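K.L.:
Next come a sequence and a model predicted from it.
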Amino acid sequence: MNNNKVIYAGGCFWCVEHDLRSAPGALHVLSGYSGGQELDPTYYKHKDHREAVEVEYDPSITNFKKLTQFFLDHIDPTDQGGQFYDRGLAYQTAIFYMTPEEKSIAESLLKELDESHIYDKPVAVEVLPATLFYKAEDAHQDYADKNPEHYARYRKGSGREDQVARTCAIREEKHIDWKE
């Protein structure tokens, strides 16, 4: 792992990959599995891994902090049991850090998010040390582009689309921006 990559778990990796591909400075985003001990997990065999994405980014445009802020605005950071339709460990949220500095940044962002009172419940995103990232099968890469109708129905039906819009609206209405 190099210092221009970050790994996030935010529920369905199709959605997280699709969102993070539009983050400023994101160069390449892969769907996969991370956080567990099982070797070579697959979509049907990843019991102790979370669905995750690995983002390679351009450090002249963005950094760990900005990408993490973007990630947090595109999930439900208060859901301890998964994300939207998807329940269980495989869909629980996490920020995987590679350095003590990244851990500190992630923890401070979660504290800032809690203190902003955007949400009525406390933030439940875990901050975990990065483990191996296993690329998901090709059928899961760029899923939104390969299956646009199914993806759009899934994203809307699951509630993710409304959650992201609601978060943006609350930030705008209450004039709550991330600290620099």
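P.N.:
Done, it's in.

K.L.:
Show me which residues of the helix or strand hosting residue 161 are buried.
P.N.:
Applying DSSP states H and E as the criterion places residue 161 in helix 160-174. Going by neighbour count (16 or more other Cβ atoms under 10 Å), the buried part of helix 160-174 is 160, 163, 164, 167. C-beta coordinates here come from the backbone N, C-alpha and C atoms, glycine included.

K.L.:
Summarise which helices and strands the lengthiest helix in the chain is packed against.
P.N.:
Longest helix in the chain, counting residues (DSSP state H): helix 100-116. Here helix 100-116 touches helix 64-72, strand 94-97, strand 126-129, going by 3 or more Cβ pairs under 8 Å, 6 or more residues apart in numbering; DSSP states H and E.

K.L.:
and among the ones you listed, the most buried is which?
P.N.:
Compared across the helices and strands packed on helix 100-116, strand 94-97 shows the largest average neighbour count, a mean of 23 (mean count of other Cβ atoms under 10 Å).

K.L.:
got a list of contacts for that one?
P.N.:
Contact with strand 94-97 is made by 6-9, 34-35, 50, 52, 68, 71, 103, 105-106, 125-131, as judged by Cβ atoms under 8 Å, 6 or more residues apart in numbering.

K.L.:
Perfect, I'm done here.
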